[in-house]
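Asker: Sequence below, structure please.
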Amino acid sequence: MNPTEPNTPFLTTRREFLKTSTKAVAGAALVSAISRPGYTAESNTIQIALIGCGGRGTGAAADALSDKSGPIKLVAMADVFADRLKGSYAEIKKNFKDQVDVPEDRQFVGFDAYKKAMDCLKPGDIAIFATPPGFRWVHFTYAIEKGLNVFMEKPVTVDGPTTRKMLKLAEDAKAKNLKVGVGLMCRHSTARAELLQRIKDGQMGDILLLRAYRMHGPVGSAFTSPKTENDKMSELLWQIQHFHSFLWASGGCYSDFYIHHIDECCWMKDAWPIKAQAIAGRHYRGDCIDQNMDNYSVEYTFADGAKLFLEGRTMTGCHEEFASLAHGSKGSAIISNNGHYPAPCRIFKGQNFVDQDVVWKFPGNEPNPYRTEWNHLIDAIRNDKPYNEVVRGATASLVTSMGRMAAHTGEIITYDQILNSTHEFAPAIQDFTMTSAAPVLADAKGLYPIPQPGKVTDREY
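Answerer: I've put the predicted structure just below:
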């Protein structure tokens, strides 16, 4: 793979989607019997299995069930935590009563639950993967075997070895004409799409610098206190419950939260960076035992010498900022600000982000990209359009890991280095059971291995 190859994401406008879907529904029965395994002239209902029933999985299922292009139902659910599955089921059932058909015998708990849930589907249905991303390639492998379409949350890999596996699986899915969406929903933002087109048209000149900020207090499960004697949960399940704290499960806070900023900036640049250098540190830890740094400052370099600077911080009491910004030879732009949606995209005639210098801003209200990414995926399924976001999702995940590894080792890390690295964080993850040992273990003081920049330079911990 060439890291500088321009990105070519699938992006249909909402107007085009509505126009084509109206025609497609009328002819769906005839087309489906020919081109989409699992769909018959008698029924064009898409069935969904949710694997990973946390907040993001519950939200993804709700976004899927909100699609109006045809009948769609949730028929199976899986998780390693029974209480989380029950809570997710209650929430989805409350809001989509007639579209949820998941009796107790299709609610599965355990490390093999993903297989049981996907076994409830027919070829052409959709499996949603919203577990910690360390499991992504394992679940995707089985979905391909079953001939299932997939929606997988980001990131889709956590290290070089799993990225290589995912890139191979992308080809396997493509060979079977499976449709695969990746939860980098900013790529489905109509505001960002128009900004990108204006950049390509030369309105900002050459993009020379991009800046990204995600600076706020502790987030998700990225800060974890030691396990107590009263906590009877196994070490493996406890780490999964606190997955943002462990690099093998999530890629840490860096991968799980910063990937959106990195991906949307690379989209605007229409290229992937070729190397990264970084600094990071751990400061006011208290009794936290996670593997994350408190702050990250990363310089990504593109093939033409342009830079992307990423500033990440999860510390209380500090200045907070959430934004992605672009600087060109003829002007500057806001890509995102104060959150992923809505995107207040605008272009300025100079390098100061002041109202009097605005020369373009996205008009009106953009559709919710969390919903449009599902509109696009389901449209591709119903109308048999080529749709496979895996290579882009895996590349975005890898580039994110490249910056993280640069910070954790204190070394300059190139694209080829991270892609070909040998440190697989959880090499036996496909064989996990409820009694398996965790991939990392605490020492006698209850501390887990952490990055040591300058001391450990060939791996992250």
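Asker: gap between stretch 87-97 and the chain center?
Answerer: Distance, stretch centre to chain centre, for stretch 87-97: 23 Å (CA atoms, centre = their mean, to the nearest Å).
Asker: what comes into contact with it?
Answerer: Outside stretch 87-97, the residues within contact range by CB atoms under 8 Å, 6 or more residues apart in numbering are 50, 53-54, 57-58, 61-62, 65, 74, 77, 79, 100, 102, 107. In short, each C-beta sits where N, CA and C put it, glycine included.
Asker: Return the set of buried residues in it.
Answerer: Gly87, Ser88, Tyr89, Glu91, Ile92, Phe96 (16 or more other CB atoms under 10 Å).
Asker: just stretch 195-203 next, same as before
Answerer: Leu195, Leu196, Arg198, Ile199, Gln203.
Asker: ok, so of the buried residues of stretch 87-97, who is nearest Tyr258?
Answerer: Ser88 (26.0 Å; CB to CB).
Asker: per-residue confidence at the closest one?
Answerer: Predicted confidence (pLDDT) for Ser88: 98.
Asker: Would it be right to say that it lies in a helix?
Answerer: Yes: counting by DSSP: H, G, I helix; E, B strand; the rest coil, Ser88 is part of a helix.
Asker: what's the helix or strand encompassing Ser336 in contact with?
Answerer: Using DSSP states H and E, Ser336 maps to strand 332-337. By CB under 8 Å, 6+ apart, the surrounding residues in contact with strand 332-337 are 186, 192, 195, 199, 204, 261, 264-265, 268, 322-326, 343-348, 350-353.
Asker: which residues of this structure fall in helices?
Answerer: 14-35, 55-65, 82-95, 113-118, 136-146, 160-175, 190-200, 235-241, 247-250, 252-269, 369-382, 390-409, 415-419 (DSSP state H).
Asker: State the pLDDT value of Arg15.
Answerer: 33.
Asker: cool, and Asn230?
Answerer: In this prediction, Asn230 carries a pLDDT score of 76.
Asker: ditto for Thr22
Answerer: Looking at Thr22, its pLDDT reads 37.
Asker: cool, Lys176 as well?
Answerer: 98.
Asker: Which residue is the nearest non-sequential neighbour of Pro344?
Answerer: Asn337 (5.3 Å; CB to CB, 6 or more residues apart in numbering).
Asker: Mind naming the longest strand for this structure?
Answerer: strand 207-216 (DSSP state E).
Asker: Okay, now the sheet partners of that strand, with direction.
Answerer: strand 307-314 (parallel), strand 321-328 (antiparallel) (DSSP bridges).
Asker: I'd like those strands as TSV, with mean pLDDT appended.
Answerer: Listed next are these as TSV, based on pLDDT from 0 to 100:
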stretch	mean pLDDT
strand 307-314	98
strand 321-328	98
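Asker: still on that earlier bit, between the helices of the chain, which gets nearest to Phe223?
Answerer: Across the helices of the chain, closest to Phe223 is helix 252-269 (CB to CB), at 8.7 Å.
Asker: Export the closest one to PDB, keeping only CA atoms.
Answerer: Output in PDB follows, covering the C-alpha atoms of helix 252-269 (Å, rounded to 0.1, in the frame of the first residue of the first chain):
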ATOM      1  CA  GLY A 252      -5.500   3.400  24.400                       C
ATOM      2  CA  CYS A 253      -7.000   6.800  24.700                       C
ATOM      3  CA  TYR A 254      -4.900   8.000  21.800                       C
ATOM      4  CA  SER A 255      -6.300   5.600  19.200                       C
ATOM      5  CA  ASP A 256      -9.900   5.500  20.300                       C
ATOM      6  CA  PHE A 257     -10.400   9.200  20.600                       C
ATOM      7  CA  TYR A 258      -7.800  11.000  18.400                       C
ATOM      8  CA  ILE A 259      -8.400   8.900  15.300                       C
ATOM      9  CA  HIS A 260     -11.300  11.100  14.100                       C
ATOM     10  CA  HIS A 261      -9.100  14.300  14.100                       C
ATOM     11  CA  ILE A 262      -6.300  12.500  12.400                       C
ATOM     12  CA  ASP A 263      -8.600  10.900   9.700                       C
ATOM     13  CA  GLU A 264     -10.500  14.100   8.900                       C
ATOM     14  CA  CYS A 265      -7.200  16.100   8.500                       C
ATOM     15  CA  CYS A 266      -5.700  13.500   6.300                       C
ATOM     16  CA  TRP A 267      -8.900  13.500   4.200                       C
ATOM     17  CA  MET A 268      -8.500  17.300   3.700                       C
ATOM     18  CA  LYS A 269      -4.900  16.800   2.700                       C
END
